[in-house]
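Novice: Kindly return the folded structure for what I paste below:
(one chain, ligands or ions: 1)
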Amino acid sequence: MIAKIEQLLTEVENMQAENAEALEALRIKYLSKKGVINELMADFRNVPAEMKKEVGMKLNELKNKTQERINSLKEAFDNKETLHNDLDLTRTAYPINIGTRHPLSIVKNEIVDIFARLGFSLAEGPEIEDDWHVFSSMNFAEDHPARDMQDTFFIEAHPDIILRTHTSSVQSRVMEVSQPPIRIICPGRVYRNEAISYRAHCFFHQVEALYVDKNVSFTDLKQALLLFAKEMFGPDTKIRLRPSYFPFTEPSAEMDISCNICGGKGCAFCKHTGWVEILGCGMVDPNVLEANGIDSKIYSGYALGMGIERITNLKYQVKDLRMFSENDIRFLKEFEAAN
Ligand code: DAH
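Specialist: This next block holds a predicted model:
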């Protein structure tokens, strides 16, 4: 009898049921009135007295184990069933947290939108560039200090391949494949070999604009600049142009706007001058037109370039440039309203 019980114990331990009916069949086979265990119980009478204790214990063990096994198999079924019952494919999904647009993207889009309204279309170029598009085609003399290792990231094995230091390279990319009228606005990331601090980073963002056509004059440039400044910083904004130098423009200028933080009265941001510099601009140097396949006797143009971080700072006063690339959710959330 012990041997029979032992055999049943292993049978019960390995018992499996495909579905609820199979499980019920097992229950009937082992635990019902006429089941195997009850039959053994009936035989218990015939067990010799000296064996009764041992057999009794084994029999009880078998009964409990069988009950436990059947219970646990049933539980597994029940869980499966509730899962199925809960699966409602028509139920509304949990709301997805969609995050916020990056402040630099917000400002970039605003700049691009303003120029789009003046008829400029979007153009982009590669961040990994060659010397020609970044420097040579833009009229940088061979020994211009901007080519210095300190400013530019070079690739050691290919000194001709660099990370672009400005978006002016896109001017060249567009001019070499098209003829005027050209009216493009080019946002993008640029790289410079600078020590990272709160006021400088090894990468930042610029927007470049280029307009080439017949009879484009400095007046057209100034008009576009004034409109841009008013649209970007409000209708009371004033502009001021100061003569400057860039290899790719002649004449060149830098544009200041009346400080929009103190309204021109003077504050720490504008160093108490009432003015802040926001961009470089000028008439496209004829050498640049010629280098890029455009006849400078027929066409003229203006160009301008600005840093997006700088414009963003004027609008939102972000004191530490590094915040822009840290992706700290708490910082980004502050721009939720501007999205
Ligand atoms: N490329 C210049 C820079 O990175 C900015 C600039 C100045 C762009 C004058 C222009 C321009 O198109 O006309 O500092």
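Novice: Look at I106 and give its secondary structure.
Specialist: The three-state label given to I106 by DSSP: H, G, I helix; E, B strand; the rest coil is helix.
Novice: so it sits right up against A337, yeah?
Specialist: No: here I106 does not reach A337: they are 10.3 Å apart, not a contact under C-beta atoms under 8 Å. Backbone N, C-alpha and C define where each C-beta goes, glycine included.
Novice: The two: which is more packed in?
Specialist: Using other C-beta atoms under 10 Å, the more surrounded residue of I106 and A337 is I106, with 17 against 7.
Novice: separation between the residue nearest to the more buried one when sequence neighbours are not counted and K33?
Specialist: Once flanking residues are discounted, I106 sits nearest to A338: 5.2 Å by C-beta to C-beta, 6 or more residues apart in numbering. From A338 across to K33, the span is 77 Å (C-beta to C-beta, to the nearest Å).
Novice: Between the two, which is the more surrounded one?
Specialist: A338 (13 against 7).
Novice: separation between that one and V107?
Specialist: Taking C-beta to C-beta as the measure, A338 falls 9 Å from V107.
Novice: With V174 instead?
Specialist: From V174 over to V107 (counting by C-beta to C-beta), the distance is 23 Å.
Novice: More neighbours: which of these two?
Specialist: Set V174 next to V107 and count neighbours by other C-beta under 10 Å: V107 wins out with 26 against 20.
Novice: I'd assumed I311 was in contact with the more buried one.
Specialist: Yes: in this structure, V107 is within contact of I311 by C-beta under 8 Å, at 5.5 Å.
Novice: For stretch 4-20, buried residues please.
Specialist: Within stretch 4-20, the residues that count as buried by 16 or more other C-beta atoms under 10 Å are 5, 8, 12, 15, 17.
Novice: mind checking which helix or strand K52 is in?
Specialist: helix 49-86 (DSSP states H and E).
Novice: Show me what that helix is packed up against.
Specialist: Using 3 or more C-beta pairs under 8 Å, 6 or more residues apart in numbering; DSSP states H and E as the contact definition, the elements that helix 49-86 packs against are helix 2-13, helix 20-31, helix 36-43.
Novice: how close does the residue in the stretch 101-250 of the chain positioned nearest to the ligand sit to V190?
Specialist: Of all residues in the stretch 101-250 of the chain, the one sitting closest to the ligand is H166 (3.4 Å; C-beta to the nearest ligand atom). Plainly put, H166 is 5 Å away from V190 if you go by C-beta to C-beta.
Novice: tell me the angle the lowest-mean-pLDDT helix or strand in the chain makes with helix 36-43.
Specialist: Every helix and strand in the chain was compared by mean pLDDT, DSSP states H and E; the lowest is helix 49-86, with a mean of 83. Angle, helix 49-86 to helix 36-43, by axes from the mean of the first three to the mean of the last three C-alpha atoms, to 10 degrees: 160 degrees.
Novice: which parts of helix 49-86 are buried?
Specialist: Going by neighbour count (16+ other C-beta under 10 Å), the buried part of helix 49-86 is 55, 58-59, 62-63, 65-66, 69-70, 73.
Novice: and if you look at stretch 128-140?
Specialist: Judged by neighbour count (16+ other C-beta under 10 Å), stretch 128-140 contains these buried residues: 129-131, 133-135, 137-140.
Novice: Name the nearest residue to M306, ignoring sequence neighbours.
Specialist: Nearest in space to M306, with sequence neighbours left out and distances taken as C-beta to C-beta, 6+ apart, is L279 at 3.6 Å.
Novice: Shouldn't that neighbour be within a strand?
Specialist: Yes: assigned with three-state DSSP, L279 falls within a strand.
Novice: got a list of what L73 touches?
Specialist: When contacts are counted by C-beta atoms under 8 Å, 6 or more residues apart in numbering, L73 touches 15-17, 23, 26.
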